[in-house]
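Trainee: please find the sequence and the predicted model below.
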Amino acid sequence: MFSVHGQASDILIVGGSLAGLMAGLALSRHGLSVTLLERSNDTDRTGAALQVGHGLLEQLTGRRHAAATLATGIQAWQSVYRGLRIAAEEAGIQILQNARVELVGQDDGHVWALTSDNRRFEGSVMVGADGYQSVVRRQMCPERPDAVFAHYLAWVGFAEESALSVRFPPHLEFLEAGPYLLLGFPLTAADGGVERGRRRIGWGWYDAGHNDILRETGAVEGTLVRHSLRPANMPDALFEELALLALCHWPSPWREAILECIARKAVLGTPVVEYVPDRLASGRMCLVGDAAHVCTPMTGNGFATAAEDAMALARFLDGAALRTDPVAALRSYEVSRLPDVRRLGLSGQRISQDFVQAARRP
């Protein structure tokens, strides 16, 4: 048996990460009630670095925010999440954590989501913002529900400036060496501070040569990515191999940053996934962010594209549209966004294919 939880919301968002928060902020500016269901809690959250455009919060919400809420430029994932979360709470969005949605559905008048602990949530419109393994996409697109493995991964780490004796990088760099690509970037401290000695150096190392360990550990099964490769599942020999490769291929200060992370076993292996959509809406349901489209992080466009999704959705779905014809509003959102996100996704697939083919050449 399930229990109906609270009153129905205007907007029911499945997924409380960055895309879900941005969609909630953009829609709440119309006075719509928003409930956001997130499967995890804050202690589970992690991610790489993101490029935050100028005035993003103002564009999403239509009102001014303190500059410190969400800074412009390259920011750590946690800093961006924290800023969006603060803004969402200020907007009155109901955020429910540890609400793992396992089943969703709709009829002519409403949508519903059922969680793993048998709670049922209802609303007028559902926004799927639940990432590359989207439950909402599975319901909307049963003929092609899954994002697929792109045949390479990114090793990701963050080194503390205080642990390094090399210069702090003034800007990001994108480097190529042998079969590998490296994105290195300077970051603020975890709390957003910019004081010398407290900053961090982030890096993402693209690698098509270690797919076997992804399959051995169950991170990848067939064409599907199940989870990231965490340090506890990485043998010492792999850390040693990565250290030798870093010494051979990468210049300072990125080399030292990578070695510092390897020494602490603070490296995450993230399989790259891709999904080019055929639809973004179905009835009273729609998709945003990685639930809608997944592109290689080499493009650097994932976060900005999710923000554009949120703002486009809010252009078509306001209070009047919700009352009169929300299905038509979501159809207009799809018509507006689908060509652009397909173009980006197909471009990303070509980038991935070129990288993998080059990496496999003798």
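Mentor: All right, it came through fine.
Trainee: just the CA atoms of the lengthiest strand in the chain, as PDB, please.
Mentor: Longest strand in the chain by number of residues (criterion: DSSP state E): strand 148-160. Taking C-alpha atoms only, strand 148-160 is exported to PDB below (Å, rounded to 0.1, in the frame of the first residue of the first chain):
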ATOM      1  CA  VAL A 148      24.700   4.600 -23.200                       C
ATOM      2  CA  PHE A 149      28.400   4.300 -22.500                       C
ATOM      3  CA  ALA A 150      30.700   6.300 -24.800                       C
ATOM      4  CA  HIS A 151      33.600   3.900 -24.400                       C
ATOM      5  CA  TYR A 152      35.900   6.100 -22.300                       C
ATOM      6  CA  LEU A 153      36.000   7.600 -18.800                       C
ATOM      7  CA  ALA A 154      37.200  10.700 -17.000                       C
ATOM      8  CA  TRP A 155      39.500  10.400 -14.000                       C
ATOM      9  CA  VAL A 156      38.600  13.400 -11.700                       C
ATOM     10  CA  GLY A 157      40.300  14.800  -8.700                       C
ATOM     11  CA  PHE A 158      40.800  18.000  -6.600                       C
ATOM     12  CA  ALA A 159      44.100  18.900  -5.000                       C
ATOM     13  CA  GLU A 160      44.600  21.300  -2.200                       C
END
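Trainee: export whichever helix or strand comes after it to CSV, keeping only CA atoms.
Mentor: Counting by DSSP states H and E, the next helix or strand C-terminal to strand 148-160 is strand 173-177. Taking C-alpha atoms only, strand 173-177 is exported to CSV below (Å, rounded to 0.1, in the frame of the first residue of the first chain):
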residue,chain,number,x,y,z
GLU,A,173,44.0,24.5,-19.7
PHE,A,174,43.0,21.8,-22.1
LEU,A,175,46.0,19.5,-22.9
GLU,A,176,46.6,16.5,-25.2
ALA,A,177,49.3,13.9,-24.7
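Trainee: list the buried residues of strand 173-177.
Mentor: Across strand 173-177, burial judged by 16 or more other CB atoms under 10 Å covers no residue at all. Where C-beta positions appear, they are placed from N, C-alpha and C, glycine not excepted.
Trainee: what lines up beside it in the sheet?
Mentor: Next to strand 173-177 in the sheet, as set by DSSP bridges, lie strand 180-187 (antiparallel).
Trainee: quick one: the helix or strand that comes right after the partner strand to chain centroid distance?
Mentor: Next in sequence after strand 180-187, counting helices and strands by DSSP H and E, comes strand 200-207. With CA atoms, centre = their mean, to the nearest Å as the basis, strand 200-207 stands 16 Å off its chain's centre.
Trainee: what do you get for stretch 26-43?
Mentor: In terms of CA atoms, centre = their mean, the centre of stretch 26-43 is found 16 Å from the chain centre.
Trainee: and stretch 11-19, by the same measure?
Mentor: So, by CA atoms, centre = their mean, the centroid of stretch 11-19 is 12 Å from its chain's centroid.
Trainee: coming back round to it: and the longest strand of the chain, what's its mean pLDDT?
Mentor: Mean pLDDT, strand 148-160: 97.
Trainee: please name every helix or strand in contact with it.
Mentor: strand 200-207, helix 211-216, strand 224-225, helix 254-263, strand 268-274, helix 326-360 (3 or more CB pairs under 8 Å, 6 or more residues apart in numbering; DSSP states H and E).
Trainee: next, the angle helix 254-263 makes with that strand.
Mentor: With axes from the mean of the first three to the mean of the last three CA atoms, to 10 degrees defining the directions, strand 148-160 sits at 100 degrees from helix 254-263.
Trainee: in its sheet, which strands sit next to strand 148-160, and in what direction?
Mentor: Using DSSP bridges, strand 148-160 pairs in its sheet with strand 200-207 (antiparallel), strand 268-274 (antiparallel).
Trainee: for this structure, give me the ranges with low pLDDT.
Mentor: Scanning the chain for pLDDT under 70 picks out the ranges 1-6, 42-47, 66-68.
Trainee: how is it partitioned into domains?
Mentor: Domain segmentation of the chain under automatic domain parsing yields 3-146+275-351, 148-273.
Trainee: off-centre distance for stretch 137-152?
Mentor: Per CA atoms, centre = their mean, the centroid offset for stretch 137-152 relative to its chain is 16 Å.
Trainee: buried sites along it?
Mentor: 137-141, 146-152.
Trainee: spit out the contact partners of Arg315.
Mentor: By CB atoms under 8 Å, 6 or more residues apart in numbering, the contact list for Arg315 reads 333, 336.
Trainee: quickly find the element holding it.
Mentor: According to DSSP H and E, Arg315 maps onto helix 302-316.
Trainee: returning to that earlier point: save the helices and strands packed on strand 148-160 as JSON lines, and put in mean neighbour count too.
Mentor: Listed next are the helices and strands packed on strand 148-160 as JSON lines, based on neighbours: other CB atoms under 10 Å:
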{"stretch": "strand 200-207", "mean neighbour count": "23"}
{"stretch": "helix 211-216", "mean neighbour count": "15"}
{"stretch": "strand 224-225", "mean neighbour count": "18"}
{"stretch": "helix 254-263", "mean neighbour count": "21"}
{"stretch": "strand 268-274", "mean neighbour count": "21"}
{"stretch": "helix 326-360", "mean neighbour count": "17"}
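Trainee: which of the ones you listed sits closest to Gly24?
Mentor: helix 326-360 (15.3 Å; CB to CB).
Trainee: for that closest one, packing partners?
Mentor: Using 3+ CB pairs under 8 Å, 6+ apart, the elements in contact with helix 326-360 are strand 119-128, strand 148-160, strand 268-274, strand 281-282, strand 285-287, helix 302-316, helix 319-324.
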